[in-house]
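1. Predicted model and sequence below, questions to follow.
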Amino acid sequence: MGKIKIYITLILFISIAMLKETVAIQLNSLNDYNILTELGIELDHYRTEKLVHAYATNKEIELLNNIGFIVDKIPNQPYEYYQELKTASTRNPLEEYHNYNELTAFLNEIANQYPEITFLESIGQSVQGRELWVMEITNNPGINEIEPEFKYIANMHGDETVGRELSLYLIEWLVSGYGVDPRATDLINNTDIFIMPSMNPDGFENGSRYNANGIDLNRDFPDQFSDPNNSTIGREPETRAVMEWSENHHFVLSANMHTGALVANYPYDGPNSGVYSACPDDQLFIHISLAYADAHPNMDSGGFSGGITNGAQWYSISGGMQDWNYIWTGDFDITLEQNEVKWPNSNQLAGLWEDHREPMLAYLEEVQDGVRGIITDADSGEPISANISIQGIDNDILPDPENGDYYRMLTPGSYTITAQTFGYITQSIPITVPLHGYVEQDFQLSIDPWLAEADIEDFETGVFSNFDWELTGDANWQADNSEVFEGDYSGKSGTINENEQTGISITLDIVENGQISFYKKVSCESTGSITGNYYDYLAFYIDDIEQDKWAGEHEWSFEQFNISEGSHNMKWIYIKDGGVDSGEDCAWVDYIVFPDLVNSENIYGDINQDLEVNVVDIVLLVNYILGNENINNDILEISDLNNDSTLDVLDIITLVNLIMNS
């Protein structure tokens, strides 16, 4: 029965994978790429101004023909070579392709032979139950040391096979050179290296681009433009495993190895084909991509200037791994296209290793460049988590939570680096990154004493009663205990429909020039977060002047704005347009720290805090005692004039005597 089950599964797999034909589509203009993308046609690496290779079902081919595209079926060369390999009777490791069993045996042999510097683990299983092997190579494997973490992933597309074998060459080069070759020794002693030779073992075993469910794994990750929901729910087991593994580590730099072209491809991969889509670290990505391409003997021969390309400028994809790594894990990740033939003859592998050995090593060494350090509490010396930001680059990173060590890759030059976190005084320091290597900059952050005396709205009363808030728009904001930055409650935008808005605002008298700060979380349509043409978003205003706005998926993050002495109105508004719904379609605000307020010190008996003690305070006190008004700890502190922790007639008598004797 077992063999029958495997056979049936294999037949189903092949039938699913073969539903898509390999085709060549003729193009009239660059805009045709966007039409194909909007139709959901899966584009392949090969493209010119007049032609692109793709994968399409018969129905999709018929649709393309009906709307005027000329589509020709072409041979699936990787699958044809796979069929030839199936008949091979001999195997010579590192000279021919390793099947799953041979790959597993090779990795186990390395782990057994070099236990002091390797650790082999499976991070999950494929659809058909094959292990997703990862080899860790470092001088203290299995221990989270204070050193940068790096990863290579290969064979994400099962029929793109060169990286799978180059991974094995690299593993053997590293471990055999440890203690013998200074370069290999230095890499292993100072870097935590992770190598995943095959993310898609089912696809390789069946000669297919897809996993055993017929899914392209490099279209299955969360996408900032089309799927900004950073969740593993509904994704393929291979995708889930890589997401969970990545989120449990603190990878600084990585690369994903493919074939079908010869180029180093860097973020962003969308939203539009043929249009350069720069991320905040565009110059850094150009720098590290060139580090790979310049070390290759003929990367320019692939048809790309300098041997590199921006992903979207080449052709856009949705759900790619490199953008997900950068946006959601802070990992600088690129896609390496290592050979124009997807599944070349095995007699080319040794030569491909010679071509790519130096680029793979040079790229790996880039993880040592930039600025690094440890963030600790100035008093206890314990590690703390803090946002690390670089002035002028809108991309913060976080330290490793266990040790507090951070690694911020930067191109050579002068910068201002800032460490900031809740409850601590922010530190900003000028640094100069050298041409090679890194500058070390530790942070010892001190607890902010001002917070103990500050005017803070943290919504811990469960209602909007601490300050004189005005609720505006089509639905009221509410205190929410499902998503909080600190404590038990936050302020959550009201539930609104299309073309509606919901807001909170407050007018306060500020004693002197200062800052207002708060933490925000946003979950909505991401459109506009790159282009500036926002649709759904949270915006913050001071005196009706927009200070900033945010769209997409933002976890809790810190914001701070200057505000001058005098009376000012501050408001937070969540706005929806008439189109797409995405995420949870709302925003949260928590721990608002106001500048020094005119009425920051209470006048004894001034229960309504209007800077006067009069009969209005008596009326309010009576309402509190009768239960006509909600009471919180702040109100109790102001109104309990005889300090017996109870509001009663004795407090009224005290207040009356205070007014009569004033």
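-> On my side now, so go ahead. Here the structure is a predicted model, which is why all the values come from computation and not from measurement.
2. So, low pLDDT: which residues of the stretch 451-600 of the chain?
-> 528-532, 598-600 (pLDDT under 70).
3. One more pass at 90, please.
-> By pLDDT under 90, the low-scoring segments of the stretch 451-600 of the chain are 451-455, 465-466, 486-487, 511-512, 514, 524-535, 551-558, 577-584, 595-600.
4. residue ranges for the strands of it, please.
-> With strands called from DSSP state E, counting those that start in this stretch, the stretch 451-600 of the chain shows them at 455-457, 470-473, 478-480, 490-492, 501-510, 514-523, 537-542, 545-550, 553-563, 566-575, 586-594.
5. In CSV, list these along with distance to residue 221 and mean neighbour count.
-> (Glycine included, C-beta is placed from N, CA and C.) Output for the strands of the stretch 451-600 of the chain, formatted as CSV (distance: least, C-beta to C-beta, whole Å; neighbours: other C-beta atoms under 10 Å):
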stretch, distance to residue 221, mean neighbour count
strand 455-457, 37, 17
strand 470-473, 35, 15
strand 478-480, 29, 18
strand 490-492, 28, 24
strand 501-510, 31, 19
strand 514-523, 18, 21
strand 537-542, 24, 20
strand 545-550, 22, 14
strand 553-563, 13, 16
strand 566-575, 27, 19
strand 586-594, 24, 24
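6. Output those in JSON lines, with distance to residue 328 appended to each entry.
-> Shown next, in JSON lines, are the strands of the stretch 451-600 of the chain (distance: least, C-beta to C-beta, whole Å):
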{"stretch": "strand 455-457", "distance to residue 328": "29"}
{"stretch": "strand 470-473", "distance to residue 328": "30"}
{"stretch": "strand 478-480", "distance to residue 328": "23"}
{"stretch": "strand 490-492", "distance to residue 328": "22"}
{"stretch": "strand 501-510", "distance to residue 328": "27"}
{"stretch": "strand 514-523", "distance to residue 328": "13"}
{"stretch": "strand 537-542", "distance to residue 328": "19"}
{"stretch": "strand 545-550", "distance to residue 328": "16"}
{"stretch": "strand 553-563", "distance to residue 328": "8"}
{"stretch": "strand 566-575", "distance to residue 328": "22"}
{"stretch": "strand 586-594", "distance to residue 328": "19"}
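7. Nearest to residue 187 among those strands would be which one?
-> Shortest distance between residue 187 and those, using C-beta to C-beta, is found for strand 553-563: 32.8 Å.
8. who's in contact with that closest one?
-> Here strand 553-563 makes contact (C-beta atoms under 8 Å, 6 or more residues apart in numbering) with 224, 228-230, 387, 396, 420-422, 485, 510, 513-523, 526, 540, 542, 547-548, 570, 583, 590, 595.
9. And for stretch 268-277?
-> Contacts of stretch 268-277 (C-beta under 8 Å, 6+ apart): 30, 33-34, 37, 223-226, 267, 278-279, 310-318, 320, 322-323, 530.
10. let's see it at 7 Å
-> Applying C-beta atoms under 7 Å, 6 or more residues apart in numbering, the contact partners of stretch 268-277 are 30, 33-34, 37, 223, 225, 279, 310-313, 315-318, 320, 322-323.
11. In helices, which of these appear?
-> The helices, defined by DSSP state H, take in 33-34, 37, 311-313, 322-323 from the contacts of stretch 268-277.
12. Which of those has the largest number of neighbours?
-> Neighbour count (other C-beta atoms under 10 Å) singles out residue 323 as the most crowded of the ones in helices among the contacts of stretch 268-277, with 27 neighbours.
13. Please report the distance of it from residue 126.
-> 23 Å (C-beta to C-beta, to the nearest Å).
14. Also residue 243?
-> From residue 243 to residue 126 the distance is 15 Å (C-beta to C-beta).
15. same thing with residue 204?
-> Taken as C-beta to C-beta, the span from residue 204 to residue 126 is 10 Å.
16. Any stretches of the stretch 151-300 of the chain with poor pLDDT?
-> Across the stretch 151-300 of the chain, the ranges flagged by pLDDT under 90 are 225-231, 273.
17. Please repeat the previous calculation with a cut-off of 80.
-> Along the stretch 151-300 of the chain, no part satisfies pLDDT under 80.
18. any chance you could map the strands in it?
-> Along the stretch 151-300 of the chain, the stretches classed as strands by DSSP E, counting those that start in this stretch are 192-196, 251-258, 261-266.
19. Now that we have those, can you turn them into CSV and tack on mean neighbour count and distance to residue 283?
-> Shown next, in CSV, are these (neighbours: other C-beta atoms under 10 Å; distance: least, C-beta to C-beta, whole Å):
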stretch, mean neighbour count, distance to residue 283
strand 192-196, 23, 26
strand 251-258, 26, 15
strand 261-266, 26, 11
